[in-house]
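# mind folding the following:
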Amino acid sequence: MPKGYQKRTRNLYDPKSSEPFRISRSKIDLFHECRRCFYLDVRLGVPRTSFPAFTLNNAVDELMKREFDAHRVKGNPHPLMKTYKIDAVPLNDARMDEWRDALRRGIQYHHKQTGLIFRGGVDDIWVNKKEELIVVDYKATSKKNSEDVNIDGYWQQGYKRQVEIYQWLLRGIGEKVSSTAYFVYVNGNSDAEAFDGKLEFEVKILPHEGDTSWIDPLVLELAQCLKSEDVPKPAETCEYCGYREAAGKELQARMKKSPKKVETSTLGI
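Numbering: from 1, shown residues only. A predicted model of the protein is given here:
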């Protein structure tokens, strides 16, 4: 039986510690979204509620990696790269296993100005004739019209920040990096007459010209936030903070009216 919400007690920032603290790519994005949620998570051990893993997406990621790995070993481009006239090949480097390991290793950049270690696990890296590393991210979706698959929507802005952080990390460890990143977008066809135990996919490659100029100023603010004893204000657009505030106000109001009917342990404040 699940135990419900659990406060985290490990991997919390301690301003008194002399050990370099590790910040994942997702935590940088969390700070970009809402500084209060970031502080609650990384300083106080109260993360946002989690969601079940998208196992179908994970399966697509794993199969795409195997497919590109076959060409990585041979040193030749994947047919999709030829179709989209991308003059590159999958990078064959002993560090790829490390750089892909988002949970334990990833690309790790010790940022001297903050003393923090920033890290993130890439899906893939290609290399072009200029010996520039190209950040590649696999994405899966299901749209009836494949022409609707793009990176221009609200949620896709986070995807763009994701690959830009990877570009920043690679440059931080001294690598030569292309400003162009690619999304290998896998679209599941939902227009088939029947399922018949299989799902057909169409694959597109979408380019993105990365801009990493926003990251350095942001991580400096992130470091100051971590050291502060003051809880930051919530982002105006943060649904999580909005929910916590609304729930707390409603429960406090109910407590004043009928204190015996509201257990104090349920107050979301």
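# state the helix or strand in which residue 97 lies.
helix 96-100 (DSSP states H and E).
# what values do phi and psi take at residue 182?
For residue 182, the backbone dihedrals (degrees, to the nearest 10) come out as phi -130, psi 140.
# wait, it sits on residue 138?
No. Residue 182 lies out of contact with residue 138 (CB atoms under 8 Å); the separation is 9.8 Å. Placement of C-beta: from N, CA and C, glycine included.
# in terms of secondary structure, what does the helix holding residue 97 contact?
Helix 96-100 makes packing contacts with strand 124-128 when contacts are defined by 3 or more CB pairs under 8 Å, 6 or more residues apart in numbering; DSSP states H and E.
# now the helix or strand just after the strand it packs on against strand 124-128, angle please.
Tracing the chain past strand 124-128, the next element assigned as helix or strand by DSSP H and E is strand 133-141. Put simply, strand 133-141 runs at 140 degrees to strand 124-128, going by axes from the mean of the first three to the mean of the last three CA atoms, to 10 degrees.
# can you pull the pLDDT of residue 79?
The model reports residue 79 with a pLDDT of 95.
# gap between it and residue 58?
When distance is defined by CB to CB, to the nearest Å, residue 79 is 24 Å away from residue 58.
# wait, is residue 245 part of a strand?
No. Assignment of residue 245 by DSSP: H, G, I helix; E, B strand; the rest coil gives helix, placing it outside any strand.
# count the residues that sit near it.
Residues contacting residue 245 under the criterion other CB atoms under 10 Å number 14.
# please name the nearest non-neighbouring residue to it.
Excluding the flanking residues, the one nearest residue 245 by CB to CB, 6 or more residues apart in numbering is residue 234, at 7.6 Å.
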